[in-house]
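Participant: output the structure for:
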Amino acid sequence: HNVYVSHVTISDWATRFAPVFQAIATTLQKQIDLSASDEWHFDETYVKINGKNYYLWLAIDAETRFILDFHLSPCRDSNSAHSLLKSCRDKFGTPRSAVVSDRYYAYAQPARLYFKDSNHIQVEDFHDVISNNLIEAFNGQFKAWYKPKRAFGSFDSANRLIATYIYQYNFLRPHSSLDDLTPAQVAGLVSTKRSRDNWFLIA
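Facilitator: Numbers count the residues shown, from 1 in each chain. Next up, the predicted model:
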């Protein structure tokens with residue numbers, strides 16, 4: 001319709017409606033079944049908020065590529081790792097086999113506490129049999145989306161925009177590596193393109 005909308009306006013919309021999308025995601029998560037999942041992968045990267053570095057902690061399911069949760073923190077410490085791992089356990093239970101992370105010490109205690117029956121595999125380099133490439137690949141996709149923004153304006157807007165990105169990644173965007181299904185569909189959510197389009201019809 002020859003209508004121009006600036007990227008700033010779109011960003012404002014995403015920030016404004018993020019709580020709505022998060023509520024939709026919370027409802028849809030009840031249909032997610034990860035009981036057959038063998039491994040969950042954990043990692044952290046950093047983002048800038050108002051000129052300062054913050055750490056984005058992430059978790060992904062190896063079988064479905066579903067992003068389990070994220071935690072944004074000014075610190076790279078054990079408390080942040082506890083927050084992420086406990087949230088994943090409370091929402092989705094435990095993987096059948098292992099939780100995978102790098103060798104950062106902060107993962108050791110929460111992995112023992114929240115995933116007692118899962119093996120904690122801490123990968124060191126590319127020579128290890130199991131790698132953390134899966135979540136590092138997601139980090140690369142996230143950074144490609146985040147890089148043009150250069151930084152987030154506030155902690156609240158960062159949380160909202162990251163949540164919206166993960167909502168789109170999990171529930172809306174088909175992945176060629178998943179036979180053009182969304183991670184949520186692979187994890188048991190029954191949805192069609194029409195139903196996914198309807199999630200945008202916000203009254």
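Participant: give me the contacts around stretch 158-175.
Facilitator: When contacts are defined by CB atoms under 8 Å, 6 or more residues apart in numbering, stretch 158-175 is touched by residues 11, 14-15, 17-19, 21-22, 24-25, 28, 47, 49, 54, 56, 65-67, 70, 72, 138, 141-142, 145, 152, 180-184, 189, 191, 196, 199. Bear in mind the C-beta positions are built from the backbone N, C-alpha and C, glycine included.
Participant: contacting residues around the residue nearest in space to the middle of the chain?
Facilitator: For the chain, the residue nearest the mean C-alpha position is residue 67 (3.6 Å; CA atoms, centre = their mean). Contact analysis of residue 67 by CB under 8 Å, 6+ apart lists 58-60, 138, 166, 169-170, 183.
Participant: just residue 80 next, same as before
Facilitator: 44, 55, 57, 71, 73, 106.
Participant: restricted to strands, list the residues you listed.
Facilitator: 44, 55, 57, 71, 73 (DSSP state E).
Participant: list just the nearest of those residues to residue 122.
Facilitator: residue 44 (13.7 Å; CB to CB).
Participant: hey, what's the closest one bridged with?
Facilitator: Judged by DSSP bridges, the bridge partners of residue 44 are residue 57.
Participant: isn't it up against residue 54?
Facilitator: No. Contact between residue 44 and residue 54 fails when scored by CB atoms under 8 Å: they sit 10.3 Å apart.
Participant: so which of those two has more stuff around it?
Facilitator: Higher neighbour count among residue 44 and residue 54: residue 44, with 22 against 18, using other CB atoms under 10 Å.
Participant: next up, the contacts around the more buried one.
Facilitator: Contacts of residue 44 by CB under 8 Å, 6+ apart are 55-58, 76, 80, 104.
Participant: just residue 87 next, same as before
Facilitator: By CB under 8 Å, 6+ apart, the neighbours of residue 87 are 69, 71.
Participant: that one sits in which helix or strand?
Facilitator: If you go by DSSP states H and E, residue 87 is part of helix 78-92.
Participant: I'd like the distance from the helix or strand following that helix to the chain centre, please.
Facilitator: Per DSSP H and E, the first helix or strand lying C-terminal to helix 78-92 is strand 98-101. For strand 98-101, the distance from its own C-alpha centre to the chain's C-alpha centre is 15 Å (CA atoms, centre = their mean, to the nearest Å).
Participant: and stretch 117-136, by the same measure?
Facilitator: Distance of stretch 117-136 from its chain centroid, counting by CA atoms, centre = their mean, is 18 Å.
Participant: mind exporting it as CSV, just the C-alpha atoms?
Facilitator: Taking C-alpha atoms only, stretch 117-136 is exported to CSV below (Å, rounded to 0.1, in the frame of the first residue of the first chain):
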residue,chain,number,x,y,z
ASP,A,117,19.6,-37.4,37.2
SER,A,118,21.2,-35.8,34.2
ASN,A,119,24.9,-35.9,33.3
HIS,A,120,26.5,-32.5,33.3
ILE,A,121,28.8,-32.4,30.2
GLN,A,122,31.2,-29.4,30.2
VAL,A,123,32.8,-29.0,26.8
GLU,A,124,36.2,-27.5,26.4
ASP,A,125,36.9,-27.2,22.7
PHE,A,126,36.2,-28.6,19.3
HIS,A,127,38.0,-31.8,20.1
ASP,A,128,35.4,-32.9,22.5
VAL,A,129,32.9,-35.6,21.4
ILE,A,130,29.9,-33.4,22.3
SER,A,131,30.1,-29.7,21.5
ASN,A,132,28.0,-26.7,22.4
ASN,A,133,27.8,-25.6,18.8
LEU,A,134,24.0,-25.8,18.8
ILE,A,135,23.4,-22.9,21.1
GLU,A,136,26.5,-21.0,19.8
